[in-house]
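Peer 1: any chance you could fold what I've pasted below:
(chains A and B)
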Amino acid sequence: GAGVSQSPSNKVTEKGKDVELRCDPISGHTALYWYRQRLGQGLEFLIYFQGNSAPDKSGLPSDRFSAERTGESVSTLTIQRTQQEDSAVYLCASSPRLAGATVEQYFGPGTRLTVT
Amino acid sequence: AQSVAQPEDQVNVAEGNPLTVKCTYSVSGNPYLFWYVQYPNRGLQFLLKYITGDNLVKGSYGFEAEFNKSQTSFHLKKPSALVSDSALYFCAVRDLNTGFQKLVFGTGTRLLVSP
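Peer 2: Reported below is the predicted structural model:
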């Protein structure tokens, strides 16, 4: 596709349920990032994938959060036993890898998660 | 740790007037700085970046940013604001503490351009 896509665009779930969010990066982009944006706040880094390297999971807020990516394709972010404080917009971004360069990230439209 | 600060939650400007959205940074080493814009219900869009070279960086939609090393600032500017520029603007710095190209974002500044 032309850009980063995310699904679903909106998700309402009950507290305690598990949710899975999906991100399709731009074709050929080796790097993929997940961020969380709470209402009225900035972006909070969650996790980063770069090719087949070990992901940087340093931003995951708890062990209820996990993410997977197979190769350089789709990524899924899973939140287990959702809590109300998990309500936020979850943004995915991808970027190409250019050795020695600092490149911009391309963002998807986000998934708005509401935990009731 | 690398960080950026956006001291203004909101900036109001009349259409046709110049606008400035402020950003200051704190990094160890050379800063790699970015501006992104977020329109309602949309993802972030890249505006411009400073890596090295000229202190005045030109970007999309007529925006530019001035890198000032002595003031550790990277303010976003536009000579003549449009109502359609109303959006949420984020400053970001590349986190050089990791080998990854992770960005650290500011809290955002809402720009409101009135007709």
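Peer 1: where in chain B is pLDDT low?
Peer 2: Residue ranges of chain B with pLDDT under 70: B:96-100.
Peer 1: hmm, residue B:2 and residue B:94 touching each other?
Peer 2: Yes - counting by C-beta atoms under 8 Å, residue B:94 touches residue B:2, with 7.2 Å between them. Yep, even glycine has a C-beta here, placed from its N, CA and C like the rest.
Peer 1: which neighbours do these two share?
Peer 2: Contact criterion C-beta atoms under 8 Å, 6 or more residues apart in numbering or on different chains; residues shared by residue B:94 and residue B:2: B:31, B:104.
Peer 1: show me what the residue lying closest to residue B:21 once chain neighbours are set aside bridges to in the sheet.
Peer 2: By the measure of C-beta to C-beta, 6 or more residues apart in numbering or on different chains, the closest residue to residue B:21 outside its immediate chain neighbours is residue B:76, 4.2 Å from it. On the basis of DSSP bridges, residue B:76 is bridged to residue B:21, residue B:65.
Peer 1: so residue B:76 makes contact with residue B:37?
Peer 2: No - counting by C-beta under 8 Å, residue B:76 sits too far from residue B:37 to count as a contact (9.1 Å).
Peer 1: residue of chain A with the smallest distance to chain B?
Peer 2: Nearest residue of chain A to chain B: residue A:107, at 3.6 Å (C-beta to the nearest C-beta).
Peer 1: for that residue, give me the pLDDT.
Peer 2: Here the pLDDT value assigned to residue A:107 is 93.
Peer 1: can you pull the contacts of the nearest residue to residue B:86 once chain neighbours are set aside?
Peer 2: Among residues not flanking residue B:86 along the chain, residue B:113 sits closest, at 4.9 Å (C-beta to C-beta, 6+ apart). Listed by C-beta under 8 Å, 6+ apart, the contact set of residue B:113 reads B:13-15, B:19, B:81-86.
Peer 1: do that again at 10 Å, thanks
Peer 2: Applying C-beta atoms under 10 Å, 6 or more residues apart in numbering or on different chains to residue B:113 gives the contacts B:11-17, B:19, B:78, B:81-87.
Peer 1: PyMOL command for the buried members of these?
Peer 2: Command for PyMOL that selects the buried part of those, burial taken from 16 or more other C-beta atoms under 10 Å in any protein chain shown:
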select buried, chain B and resi 11+13+19+78+81+85+86+87
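Peer 1: thinking again about what came up before, okay, residue B:76 and residue B:37: which has more neighbours?
Peer 2: For residue B:76 versus residue B:37, neighbours defined as other C-beta atoms under 10 Å in any protein chain shown are more numerous around residue B:76 (26 against 21).
Peer 1: can you report how many residues lie near residue B:62?
Peer 2: Neighbour tally, residue B:62, other C-beta under 10 Å: 13.
Peer 1: no more questions from me, cheers.
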